[in-house]
Every structure is written in structure tokens, then in C-alpha cells.
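Undergrad: Need a 3D model of the sequence below.
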Amino acid sequence: MTLLSIIVPIYNVEKYLAKCLDSILSISVDKDFYEVILVNDGSSDRSVDIAKEICLSNSNIRFYSQENCGLSAARNYGLITAKGEYVWFVDSDDYIESQNIDKIVNIMMVNNDLDIIMGTHNFVDSNLARVINDNVADPGQIISGKDALFNGYNPGGVWRLIYKRSFLSEHNLDFHVGISREDVEFNLKAMALAQKVFVTGIIIYNYIKHINTLTTATTREGVYFNISSDIVVHNSIIKFAQEIRDKELGQNLTKRVNSIVFGMLFNLIRNKEPLIDLPFKQQLISEMRLNGVYPLRGPFLSKKALFFSKILNIEFILRKLLKY
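TA: Presented below is the predicted three-dimensional model:
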């Protein structure tokens, strides 16, 4: 019986892949209980060779390859082929906390009706590690996804959560292809729909902070891609929030994505990189206007954002700030 499918997208990670897979294969449970699905997303370095070599000596690993379509497409491919009752998305440049996964497997075996299992993780930056506690309730509690959101859960990397595969299938949840904020959209929807979230307090993951990532983009292309992605996420979640029956929950989701757009505009104004010049900023504002996210609309998570949004919606003030 396969309890857990671990899906690992691979794209030009020859420096990190062996460590990632070694951490997964060091899990201290029988290999019949879990499978590893590797999805090569058109790598051009030695990643494929490393993956195939490891596959030869491990019967619970399956390897697939596709043309370069992006992280979302690779995760979706892995999700389609998964056989486990639960799925976990692990990034190939990070590694898991192997010695703790048997505890997660025990939770799966005792509780067969969970939608999501919530762990916590280490954040590793420049060889320094600190524990990031994602928990929104005492360990061992089962709460709803709505309660998690109202207790302060902030969506981020999907590697923080382990999902019941039938739950994802029932609600047609997969990753939006072609954007950089796919985790936020996926997790907001998953949490809003989840009835049973098991809070563990167990460290399951080691997130490695790499430099020069798209999330800290300083190039025109990177900034444009991130802002376009934020717009897509905003509009997708607004539509989702309008469709769900729980209006209180819909309001919470709306506040969250409106606040994302507010932060996006605020950071654009503050960006002083030479390549992010006034004409480029004006182009981005035009795109925001075209997609219905400017002028800024509330409600927001904070009164501060509401106050400043009214200022940023005044055209001549925005023009002055963009030139700053």
C-alpha cells in the first residue's frame, strides 16, 4: 500500500539533486509505503544523469521527462501519475527532515480522513538555520482550513503541507501554469476547501534560501513576470471567493489578495534598480489598469493598506512617486 507520493520536479539542479534525493531515500519507513516521482522539466545539465543513476538502485522511484514547461506543469504531471493516498511536493534544491517522516506516516495510518497535514520547516540561509513555525493551533489538533486562515496561516511553499490526493482530485486542484506565484493560489484554495487540517508541530522540510531567484528579481523580465503573476493570482482568487458559499471566508481571501496587489504596487514604487525606469513602471501600471487591479480596491488586511491605497489611487501623487 502506497501511503505517500513525493513529487520532485527537476530543472538544472545538478548541485543539489543528490542531497535532496538522499534525504528522501533516508526515510526510516518501508519503501512500500512511499513512492518518489521525479519529473524532469527539460534540464540541460547533469540532473537527468544523477536522477537516473539513483533510480537504478531504488525500486520505489519513477522517472518521467517532459519538455521545459515550468514548475507548475511538472508538479501537475507528477500529480496525475501519483498513486499514494497523500502527496507531498518537494523542491529538488531543498531537502527533507528524513528522521521525522515516520511520524507523519503514523499520522496518515491513524487518521485516514485528513485533507491536509501541516508540518513546519527549517529556513536555511548562508549556512545558518532557524525553525519557522507555521502552526496555527496546538500540535495534535485537527482544525478546518478556514480556521487556519483566520488564525493567521499565510500561504507559501506547498512543501509545507501534505495533501490527501482524493481531496485535491475532488476539488480539481492543480497548479496554474506559467506564473511564479502558483503556490499562493494553490494553497489559498486548498485551505479554503479543507475541512480537516492536522497540525503537527513536526519539522519536515529544510528550505534553502538561494540568491538570484525570481522572487527577488531585479531584471525587467523578472519584475514583469512577478507582477503579471500577482495579477493572475489576484483575479483567480477573487473569482474563487465570489463563488464559494461562505461569505466570511470569501471576504478573508479577498483581503489577502487585495493586500498582495497593494504590496506589489508599493514595491514597484520603491524599486530603484536602474533598469526599472519610469517608462517601464508606467507600462506596468497600464497593465494593472487593463487587468482591473488598479485603481486599488479594498478591503485589505490592514487599515494602513486601506489608507495608503487611497493615496496611491490619486493619479498625480502616483506619478510623482513613480518618478522618485
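
Undergrad: Residue 20 against residue 92, yeah?
TA: Yes - with contact defined as Cβ atoms under 8 Å, residue 20 counts as touching residue 92 (5.1 Å). Every residue, glycine included, has its C-beta placed from N, CA and C.

Undergrad: Now do the shared contacts for these two.
TA: The contact sets of residue 20 and residue 92 overlap at 8, 13 (Cβ atoms under 8 Å, 6 or more residues apart in numbering).

Undergrad: Between those two, point out the one with more neighbours.
TA: residue 92 (27 against 21; other Cβ atoms under 10 Å).

Undergrad: Please list all residues in contact with the more buried one.
TA: Contact partners of residue 92, counting by Cβ under 8 Å, 6+ apart, are 8-11, 13, 16-17, 20, 47.

Undergrad: tell me the phi and psi of it?
TA: Note on residue 92: backbone dihedrals following degrees, to the nearest 10 are phi -80, psi -10.

Undergrad: Could you dump the contacts of residue 92 into a markdown table and include distance to residue 133 and pLDDT?
TA: Putting those into a markdown table (distance: Cβ to Cβ, whole Å; pLDDT from 0 to 100) gives the following:
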| residue | distance to residue 133 | pLDDT |
| --- | --- | --- |
| 8 | 25 | 98 |
| 9 | 26 | 98 |
| 10 | 29 | 98 |
| 11 | 30 | 97 |
| 13 | 27 | 96 |
| 16 | 25 | 96 |
| 17 | 28 | 97 |
| 20 | 23 | 97 |
| 47 | 32 | 97 |
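
Undergrad: Between these, which sits nearest residue 238?
TA: Lowest distance from residue 238 to the contacts of residue 92 (Cβ to Cβ) belongs to residue 9, with 27.9 Å.

Undergrad: quick one: the helices in the stretch 1-150 of the chain?
TA: Listed in chain order, the helices found in the stretch 1-150 of the chain under DSSP state H, counting those that start in this stretch are 17-25, 47-56, 71-81, 101-110, 145-150.

Undergrad: domains of the protein?
TA: 4-208, 214-323 (automatic domain parsing).

Undergrad: starting at the chain centroid, how far to the last one?
TA: This means domain 214-323. Domain 214-323 has its C-alpha centroid displaced from the chain centroid by 19 Å (Cα atoms, centre = their mean, to the nearest Å).

Undergrad: tell me the mean pLDDT for it?
TA: For domain 214-323, mean pLDDT rounds to 92.

Undergrad: Could you do stretch 83-101 as well?
TA: 97.

Undergrad: Stretch 132-147 now?
TA: If you average the pLDDT over stretch 132-147, you get 90.

Undergrad: buried stuff in it?
TA: Neighbour counts over stretch 132-147 (16 or more other Cβ atoms under 10 Å) mark 134-137, 143-147 as buried.

Undergrad: of the residues you listed, closest to residue 115?
TA: The closest of the buried residues of stretch 132-147 to residue 115 turns out to be residue 145 (Cβ to Cβ; 7.2 Å).
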